[in-house]
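Participant: Have a look at this prediction, sequence included:
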Amino acid sequence: MATFDIMVLPGDGIGPEVTGASQQVLDAVAARWKHNFRYQTDVVGGGAIDAYGTPLRDETVKSARRANAVLFGAVGGPKWDNEPVRPEAAILGLRKALGLYANIRPVKVFPGMEPASPLKDDRVRGADMVILRELTGGLYYAPPKKRWETKAGRKGVDTLLYTEKEIERILRVGFELARSRRKKLTSVDKANVLQSSRLWREIAIEVSKDYPDVELEHQLVDSCAMVLITRPTSFDVMVMENMFGDIISDEAAVLSASLGMLPSASLAGLPGKDARGRPRKVKGLYEPSHGSAPDIAGQGKANPVGSILSAAFMLQYSFGLAEEAAAINAAVESALNDGHRTADLAPPGAEFSTTQHMTDMVLERL
Ligand code: NAD
Ligand code: IPM
Ligand code: MN
């Protein structure tokens with residue numbers, strides 16, 4: 001029996017509701033395939049500010065490093081919005097400390113789900129893309145990053161800096177992912193204005209020489225935001241800077257009806273197969289793309305699908321359990337196919353599945 005150590009960090013708001021759903025699914029996988037998933041749970045975010053005065057303790061980072069993978073919920077909430085160090089520092093700190101530079105956010109419109117999207121059916125039908133977001137550099141992290149006061153008033157600065165190495169490694173992940181899919185990579189930048197984007201584009205062209213089988217296209221991020229909702233099926237894999245990816249992935253969520261549907265995998269290395277065709281096992285943190293959704297917390301309205309699909313990613317990328325991951329994906333798809341809809345997917349006023357009911361529907365099909 002193979003044993004895997006999973007660090008569970010439920011966080012705030014609906015975080016515990018959705019990671020709870022994922023743990024039930026993981027338990028079912030463990031029972032059916034005879035694996036041993038060992039969980040260690042810790043407090044992060046607003047809960048950790050309340051309990052320990054800091055959103056992310058050193059002990060938590062150490063345990064996360066020792067674990068085979070991290071299952072993360074979400075952090076943040078109005079209660080802590082004016083804290084000097086906000087709950088969000090927990091996820092930003094973990095990404096940096098664990099070197100999780102590659103954030104994979106797939107956006108797929110499941111057949112039959114088109115009417116649940118606020119966009120027109122014929123636009124969203126068949127959309128199936130991966131947004132690859134650089135996660136440990138760019139505008140989020142580089143110094144100077146500060147606020148200060150001057151005689152002329154208050155000032156604030158954030159810095160968008162990238163090194164050649166940082167750009168190259170995320171692009172390689174993009175090319176590898178594209179190679180395993182429909183072989184098209186869209187590199188998204190703002191090269192008409194930003195120096196860091198010009199460097200990004202230059203390196204994209206250089207790296208593309210190693211991937212002659214993958215078509216590389218460049219798009220400026222502003223028009224890309226437009227094409228994303230007018231011609232979403234034109235995308236396969238999209239790769240971009242940290243903040244561009246944050247914004248574009250929430251926009252893309254609308255295609256698949258709700259942000260609650262979107263999983264994510266944050267990886268410390270190149271996924272895919274090694275030279276001998278075996279799946280590489282990469283260190284990773286798995287969280288839905290959405291936040292703590294304080295507006296619906298504690299009401300059974302959270303869609304657990306984003307977190308459950310993130311758990312499937314964990315099996316695939318960190319544990320090398322492709323068959324088990326595929327079974328979870330199929331169970332989710334089948335539950336949706338059979339019409340089960342959480343509150344965010346159901347038409348206004350219609351009956352909806354609670355978080356637990358939706359989870360049960362997935363468990364039933366595993
Ligand atoms: P959000 O993603 O929490 O919510 C946006 C909207 O989507 C809300 O209306 C919410 O009800 C809905 N929604 C989100 N997830 C859902 C789900 N699983 N099921 C059904 N509906 C869902 O974004 P926000 O409201 O801007 O942020 C709330 C807090 O979460 C903030 O403090 C923010 O910083 C934090 N946040 C944390 C993470 C993270 O921990 N990784 C990610 C994003 C936002
Ligand atoms: C996300 C979130 C985070 C981000 C916040 C909570 C720091 O919005 O994971 O998309 O901006 O990366
Ligand atoms: Mn975001």
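Facilitator: Okay, I see it. Ligands and ions are numbered 1, 2, ... in the order given.

Participant: Just the pLDDT at the residue in the stretch 151-300 of the chain positioned nearest to ligand 2, thanks.
Facilitator: Per CB to the nearest ligand atom, D246 is where the stretch 151-300 of the chain lies closest to ligand 2, at 4.5 Å. In this view, the C-beta of every residue, glycine as well, is placed from N, C-alpha and C. The model reports D246 with a pLDDT of 97.

Participant: Phi, psi for it please.
Facilitator: Phi and psi for D246, reported as degrees, to the nearest 10, are phi -60, psi -50.

Participant: Count the neighbours of L26 for me.
Facilitator: Neighbours of L26 under the rule other CB atoms under 10 Å: 25.

Participant: Partner strands of the one helix or strand R133 maps to, with direction?
Facilitator: Assigned by DSSP states H and E, R133 falls within strand 128-134. Strand 128-134 has its sheet partners listed here by DSSP bridges as strand 102-108 (antiparallel), strand 237-240 (parallel).

Participant: Quick check: next helix or strand after that strand?
Facilitator: strand 138-150.

Participant: Give the buried residues for that following strand.
Facilitator: Within strand 138-150, the residues that count as buried by 16 or more other CB atoms under 10 Å are G138, L139, Y140, Y141.

Participant: gap between the first one and D189?
Facilitator: Just to be clear, that refers to G138. Going from G138 to D189 by CB to CB, to the nearest Å gives 11 Å.

Participant: Excluding chain neighbours, what is closest to whichever residue of the stretch 251-366 of the chain sits closest to ligand 1?
Facilitator: Residue nearest to ligand 1 within the stretch 251-366 of the chain (CB to the nearest ligand atom): G291, separated by 2.2 Å. Counting by CB to CB, 6 or more residues apart in numbering, G291 lies nearest to A74, which is 4.9 Å off, once chain neighbours are set aside.

Participant: Also T342?
Facilitator: The spatial neighbour of T342 that comes closest, neighbours along the chain excluded (CB to CB, 6+ apart), is N303 at 4.1 Å.

Participant: Would you verify that the one you found is located in a helix?
Facilitator: No: under DSSP: H, G, I helix; E, B strand; the rest coil, N303 falls outside any helix and is assigned coil.

Participant: doesn't M261 make contact with it?
Facilitator: Yes: using CB atoms under 8 Å, N303 makes contact with M261 at a distance of 6.5 Å.

Participant: For the closest residue to ligand 2 within the chain, give me the pLDDT.
Facilitator: Closest residue of the chain to ligand 2, CB to the nearest ligand atom: E88 (4.0 Å). pLDDT, E88: 98.
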